[in-house]
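In: Sharing a model that was predicted from the sequence below.
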Amino acid sequence: MYYRELGNTQIEVSVIGMGCWALAGDWVWGAQEEAESLATVRAALDAGVTLFDTAEGYGDGYSEEVLGRALNGRRREAVIATKVSRSNLSADQIPRSCGASLRRLQTDYIDLYQIHWPNWDIPIEETFGALEKLRQQGKVRAIGVCNFGVRDLSDLLAVGHCAANQLPYSLLWRAIEFEVQPKCAAEDVGILCYSPLAQGLLTGKFRTRDDVPEGRARTRHYSSQRPLARHGEDGCEEETFAAIEDIRRICQDAHLSMGEVALAWLLAQQGVTSVLAGARHPDQVRENARGADLALPSEIVSRLTSATDSLKRKLGPNIDPYQPRGRVR
């Protein structure tokens, strides 16, 4: 494992982090035994993972509770990133949300406190001011955002600075490359990548579109005819699974694991600070951690990029995986 600075905060984070949404055991991921979750977090620490990302909205705070219990006695080894929901971004609500997260996490500070989604009904000056006050009080070490497009990020940077922008980014979802990634690089805003394995697609576990469970078949990769899709688009299932097969062949030729390659490809991209890979079992988190040790030859990086160029063009620059437009700009 190796480590990079989070923005300009002097906070060092592992280049492979652990996404903790699945610890909630909700309808997207399915039931999860708490003992397994505790073992997974501790296995991550043992593998050198220091960055753990959760949110008050994951299982209505249950993911935070589990993470807090798992870090009991090992808090100083971890960098905790959590998120305040878009409905709680007013100046009076943010301190309450932060306090509740601190209690669930069993800690007196949050390393990275992030706005989960933009909320245009609340002035960004109000939201940032409340977050900055928490930082001055020592309850928060650094401020971050998630799912901020170029305009949202520019509005925030006009009133203050954020350490990171957490964005959906993978070989199968490259929308940030059009505009957001260059903006983050220019403004020294670190990129944290979520859904780096495209909810399992890049592990190779789903060979066809019909293999994907309903709860995961909601992004704009899939047809709007899928039961839980809400984007109203035709999707691009054929292009997605053709790209997956190309990636599979590249990995087979190189005798490398698809999952590790997908994570390593991200770490070779401009401005990426850390890749947040979800895990539900100790073996998964150990496999994810190995992605940090894989230095891909430039020829393989180029082949992987070319394999998903057409999919990137079809999906376009909208960074929201779930809706055609409306929550980001």
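Out: Right, received. Where do you want to start? Numbering: from 1, shown residues only.
In: backbone phi and psi for Y3, please?
Out: Here the main-chain torsion angles of Y3 (degrees, to the nearest 10) amount to phi -140, psi 150.
In: was I right about it contacting I16?
Out: No. Taking Cβ atoms under 8 Å as the definition, Y3 is not a contact partner of I16, at 10.1 Å. Every C-beta, even on glycine, is put in place using the N, C-alpha and C of the backbone.
In: Neighbour count for the two, which is higher?
Out: Neighbours were counted for Y3 and for I16 using other Cβ atoms under 10 Å; I16 has more, 29 against 17.
In: ok, the more buried one to Q269 distance?
Out: 14 Å (Cβ to Cβ, to the nearest Å).
In: what sits against the closest residue to F178 other than its chain neighbours?
Out: Leaving aside its chain neighbours, F178 sits nearest to P317 (3.6 Å; criterion: Cβ to Cβ, 6 or more residues apart in numbering). Contact partners of P317, counting by Cβ atoms under 8 Å, 6 or more residues apart in numbering, are 175, 178-179.
In: now swap in E237 and tell me
Out: Shown in contact with E237 (Cβ under 8 Å, 6+ apart): 209, 221-223.
In: And the pLDDT for it?
Out: For E237, the model assigns a pLDDT of 92.
In: How about G326?
Out: 63.
In: E126 now?
Out: The per-residue pLDDT reported for E126 equals 98.
In: Wasn't it part of a strand?
Out: No. Using DSSP: H, G, I helix; E, B strand; the rest coil, the assignment for E126 is helix, not a strand.
In: Quick check: closest non-adjacent residue to it.
Out: A91 (5.1 Å).
In: quick one, what contacts that neighbour?
Out: Neighbouring residues of A91 by Cβ under 8 Å, 6+ apart: 126-127, 129-130.
In: which residues of the protein fall in helices?
Out: Taking DSSP state H, the helices of the chain run over residues 34-46, 62-70, 93-105, 124-136, 150-157, 180-186, 237-254, 258-267, 282-290, 298-307, 309-315.
In: okay, the second one in PDB with CA atoms only?
Out: The reference is to helix 62-70. This file holds the C-alpha atoms of helix 62-70, laid out as PDB (Å, rounded to 0.1, in the frame of the first residue of the first chain):
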ATOM      1  CA  TYR A  62     -26.200   2.100  10.400                       C
ATOM      2  CA  SER A  63     -23.100   2.000   8.200                       C
ATOM      3  CA  GLU A  64     -21.500   4.700  10.400                       C
ATOM      4  CA  GLU A  65     -22.500   2.700  13.600                       C
ATOM      5  CA  VAL A  66     -20.800  -0.400  12.300                       C
ATOM      6  CA  LEU A  67     -17.700   1.400  11.200                       C
ATOM      7  CA  GLY A  68     -17.500   3.100  14.600                       C
ATOM      8  CA  ARG A  69     -17.600  -0.300  16.400                       C
ATOM      9  CA  ALA A  70     -15.100  -1.800  14.000                       C
END
